[in-house]
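In: Predicted model and sequence below, questions to follow.
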Amino acid sequence: MTHDTPFRVCVAGASGRMGRMLIEAVEAADDCVLSGALDRPDSPALGQDAAAFAGQHSGVTISADLDAALASSRFLIDFTRPEGTMAHLAACVRHGTAMVIGTTGFSEAQKADIAAAARQIPIVLAPNMSVGVNVTLKLLDMAARALASGYDIEIVEAHHRHKVDAPSGTALKMGEVIAQALGRDLKDCAVYERVGHTGERAAGSIGFATVRGGDVVGDHTVMFLGTGERIEITHKSSSRATYAQGSLRAVRFLAGQERGLYDMFDVLNLR
Ligand SMILES: NC(=O)C1=CN([C@@H]2O[C@H](COP(=O)(O)OP(=O)(O)OC[C@H]3O[C@@H](n4cnc5c(N)ncnc54)[C@H](OP(=O)(O)O)[C@@H]3O)[C@@H](O)[C@H]2O)C=CC1
Ligand SMILES: O=C(O)C1=N[C@H](C(=O)O)C[C@H](O)C1
């Protein structure tokens, strides 16, 4: 698929935290135009101008009419909830619309459905669109290989009080990258909670801890805990703009793809 600029971009979850950030980013980008803004049928935002929250006028009205929005769009950026994304996915396949999916919390079956849809349309799926987090994933791969024995690995993440899934998609991806670097399967070594008489730490496990509160945009720390020393690799987001800018890089990348499932390593040439 190749597309002429400006890229016609529809944003799902238009009145959400990320939806608003994405609408501002699309409006500000020279090579993109906002062609649709979607929200749920019961959303109080329906009928409003998509940029009204910022005191601006985009000329695009927030609607729940998926087919109408996709008919005039070549790309859908979706940061909603898994059930929303799955409904949008089916419609994008019908319309041949490329998708950037930032939603987290998918089940294994939902991930398989996304991979199946990517046989027909191009999709970028990533739990974190920021350049910094994706570079951090590469650092973690290197650290895990170098510290493969003698170091216990724990992943701690913190997010705002409104986040509904845990651990974060980013923390899970960090766990997957580390497990893969160590030749393990995260499913076999992840420990998601500890309470009561837990016994000693299981050798080779990867532990997760979740903090929720306030307006934390997104903090992730991976600890490699050895004897006599520990290494901590931390990424902290201070603005959602980095996720929005990463999403627009994904749109530009998808403009050159016919079909297939990609992630931000593909977009950022980090593979
Ligand atoms: N990949 C990345 O870089 C990032 C990923 N995320 C992920 O993006 C997602 C959204 O985060 P955030 O913007 O903070 O969440 P918000 O709750 O602020 O926004 C979600 C939006 O999606 C809408 N929505 C919810 N359910 C559905 C549905 N079933 N169908 C259609 N629309 C729906 C909401 O509408 P309503 O308000 O009416 O419910 C709202 O407009 C989360 O999964 C989060 O983890 C977040 C930041 C970065
Ligand atoms: O819900 C959020 O806010 C975020 N979600 C993503 C995740 O689950 O990893 C990315 C980022 O951490 C912000």
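Out: In hand now; what should we look at? Numbers count the residues shown, from 1 in each chain. Ligands and ions are numbered 1, 2, ... in the order given.
In: Send me stretch 143-163 as CSV with only the CA atoms.
Out: Written as CSV, here are the backbone C-alpha positions of stretch 143-163 (Å, rounded to 0.1, in the frame of the first residue of the first chain):
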residue,chain,number,x,y,z
ALA,A,143,21.5,-6.5,30.1
ALA,A,144,19.6,-9.8,30.4
ARG,A,145,22.0,-11.7,28.2
ALA,A,146,25.0,-10.2,30.1
LEU,A,147,23.5,-10.9,33.5
ALA,A,148,22.0,-14.3,32.7
SER,A,149,23.2,-16.0,35.9
GLY,A,150,23.4,-14.7,39.4
TYR,A,151,20.9,-11.9,39.1
ASP,A,152,17.2,-11.9,40.1
ILE,A,153,14.9,-9.9,37.8
GLU,A,154,12.0,-7.8,39.0
ILE,A,155,9.9,-5.3,37.0
VAL,A,156,8.2,-2.4,38.8
GLU,A,157,5.7,-0.1,37.0
ALA,A,158,3.7,2.9,38.1
HIS,A,159,0.7,4.5,36.4
HIS,A,160,-2.1,7.0,37.1
ARG,A,161,-5.1,6.1,39.1
HIS,A,162,-7.4,5.6,36.1
LYS,A,163,-5.4,2.8,34.4
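In: Phe265 should be in a helix, yeah?
Out: Yes - counting by DSSP: H, G, I helix; E, B strand; the rest coil, Phe265 is located in a helix.
In: list the contacts for it?
Out: 134, 137, 271 (Cβ atoms under 8 Å, 6 or more residues apart in numbering). For the C-beta atoms, the positions are set from N, CA and C on the backbone; glycine is no exception.
In: cool, and Val26?
Out: By Cβ under 8 Å, 6+ apart, the residues touching Val26 are 9, 11, 32-34, 77, 248.
In: redo that, cut-off 10 Å
Out: Contacts for Val26 (Cβ atoms under 10 Å, 6 or more residues apart in numbering) come out as 6-11, 32-35, 37, 50-51, 58, 60, 75, 77, 244, 247-248, 251.
In: Quick check: helices, which of these are part of them?
Out: Taking DSSP state H as the definition of helices, the contacts of Val26 contribute 244, 247-248, 251.
In: For Leu172, state which of these is nearest.
Out: Nearest to Leu172, judged by Cβ to Cβ, of the ones in helices among the contacts of Val26 is Ser247 at 19.4 Å.
In: So which residues on the protein come close to ligand 1?
Out: With Cβ under 6 Å from any ligand atom as the criterion, the chain comes near ligand 1 at residues 13, 15-19, 39-40, 43, 79-81, 83-84, 102-105, 126-129, 169, 243.
In: Compute the number of surrounding residues for the residue lying closest to Val267 once chain neighbours are set aside.
Out: Closest residue in space to Val267, ignoring its immediate chain neighbours: Phe253 at 4.4 Å, by Cβ to Cβ, 6 or more residues apart in numbering. Phe253: 19 surrounding residues under other Cβ atoms under 10 Å.
In: In JSON lines, list the ones in helices among the contacts of Val26 along with distance to Glu24, neighbour count and pLDDT.
Out: Shown next, in JSON lines, are the ones in helices among the contacts of Val26 (distance: Cβ to Cβ, whole Å; neighbours: other Cβ atoms under 10 Å; pLDDT from 0 to 100):
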{"residue": "Ala244", "distance to Glu24": "7", "neighbour count": "26", "pLDDT": "98"}
{"residue": "Ser247", "distance to Glu24": "12", "neighbour count": "29", "pLDDT": "98"}
{"residue": "Leu248", "distance to Glu24": "11", "neighbour count": "22", "pLDDT": "98"}
{"residue": "Val251", "distance to Glu24": "15", "neighbour count": "25", "pLDDT": "98"}
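In: okay, how far is it across stretch 219-234, tip to tip?
Out: One end of stretch 219-234 sits 7 Å from the other (Cα to Cα, to the nearest Å).
In: Any idea what Ala190 is bridged to?
Out: For Ala190, the beta-bridge partners are Ile206 (DSSP bridges).
In: cool, Asp219 as well?
Out: Ala158, Lys236.
In: thinking again about what came up before, which of the contacts of Phe265 has the largest number of neighbours?
Out: Within those, Leu137 tops the neighbour count with 24 neighbours, counted by other Cβ under 10 Å.
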